[in-house]
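J.: no sequence on this one, just coordinates:
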């Protein structure tokens, strides 16, 4: 493998956008002929992974073995991986994508000695990240107040922030982004208001949710076809939150992992999830599926069906 590459990498953190960026950089350094092998860490066996990293690429060049969702894999084979990290193979690069790996663990220290640890958590100063990303990647000059406004709207979802910057690069004049550019996009406003509607549902405020829903319809009648997707995402997060709670995670850790934003919505989200419970979530999912089916088959008005759901789902 090229000398500038390390034999083992751990991409650690909650932000998949950053993980994918680091992964792309590693593969780029490996050269055009790199052979990439992806393995699901939740199902992988140790022998399968070690066989791959100890074998050379089929057609020469560099071989990269990427273990996705590697948390469970590391937990299961921790001691064996510590031994491997101490004497890694020079036949291939092993790349572990993990949500978390405490720095005080032996496996972390073992990887850092012979390989590279990359932290993949969103930066605390989102506005600075937006400004730097806009300039370096999208050739945009983003004003500080505009960056702060975008950060407030979107939160620390770097993939979505990057997507918004890409859209701004196509629409703003003279490549300068001001607060009015952030607030002016109808599509962005609609997405933000849809998020606020779901937040109202999550906080157990059905009347406010219905009011926001009606405003959305006035802005763009086609919104009715996107509501089910947003509500399904919310219910999926509620179900995940209840499952995480069973493992002993606290509310802050759960809502942070699920990217519930803004932060003042985190506790109301958990309160609603607890009130709904597993049975309530299952009932809401069934109701949403039925409403979606009715709307697609012409039974009732799609907008009214969504409104009926908003009034029915609150605990």
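T.: Structure's in. What do you need? The shown structure was predicted, so the numbers you read here are calculated from the model rather than taken from an experiment.

J.: residue 129 is in contact with residue 121, isn't it?
T.: No: Residue 129 lies out of contact with residue 121 (CB atoms under 8 Å); the separation is 11.7 Å. To be clear about C-beta, it is placed using only N, CA and C from the backbone, and glycine gets the same treatment.

J.: next helix or strand past the lowest-mean-pLDDT helix or strand in the chain?
T.: Lowest by mean pLDDT, DSSP states H and E among the helices and strands of the chain is helix 186-202, with a mean of 73. Reading on from helix 186-202 to the C-terminus, the next helix or strand found by DSSP states H and E is helix 206-219.

J.: looking at residue 129 and residue 121, which has the bigger crowd around it?
T.: Taking neighbours as other CB atoms under 10 Å, residue 129 and residue 121 compare with residue 129 leading, 18 against 14.

J.: and the more buried one, how far from residue 154?
T.: In this view, residue 129 and residue 154 are 11 Å apart by CB to CB, to the nearest Å.

J.: list the buried ones in stretch 97-107?
T.: 97, 98, 99, 101, 107 (16 or more other CB atoms under 10 Å).

J.: now do the helices in the stretch 201-315 of the chain.
T.: For the stretch 201-315 of the chain, the helices defined by DSSP state H, counting those that start in this stretch cover 206-219, 227-246, 251-257, 266-296, 302-313.

J.: so how far is the last one from its chain's centroid?
T.: Its chain's C-alpha centre and that of helix 302-313 lie 28 Å apart, by CA atoms, centre = their mean, to the nearest Å.

J.: give me the residues contacting that helix.
T.: For helix 302-313, the surrounding residues in contact (CB atoms under 8 Å, 6 or more residues apart in numbering) are 197, 201, 206, 209-210, 213-214, 217, 221, 224-225, 227-228, 231, 284, 287-288, 291, 294-295.

J.: check the first one too.
T.: By CB under 8 Å, 6+ apart, the residues outside helix 206-219 that reach it are 186, 189-190, 193-194, 196-198, 200-201, 223-224, 227, 303, 306-307, 310-311, 313-314.

J.: pull out the buried residues from those residues.
T.: With neighbours counted by 16+ other CB under 10 Å, these contain buried members at 189-190, 193-194, 196-198, 200-201, 223-224, 227, 303, 306-307, 310, 313-314.

J.: pLDDT wise, what is residue 216 at?
T.: Listed pLDDT for residue 216 reads 83.

J.: same question, residue 58
T.: Predicted confidence (pLDDT) for residue 58: 68.

J.: same check on the one 3 residues further on?
T.: Here, the pLDDT recorded for residue 61 equals 75.

J.: which residue, other than its chain neighbours, is closest to it?
T.: Spatial nearest neighbour of residue 61, excluding adjacent residues (CB to CB, 6 or more residues apart in numbering): residue 33 at 3.3 Å.

J.: for that neighbour, helix, strand, or coil?
T.: Secondary structure assignment for residue 33 (DSSP: H, G, I helix; E, B strand; the rest coil): coil.
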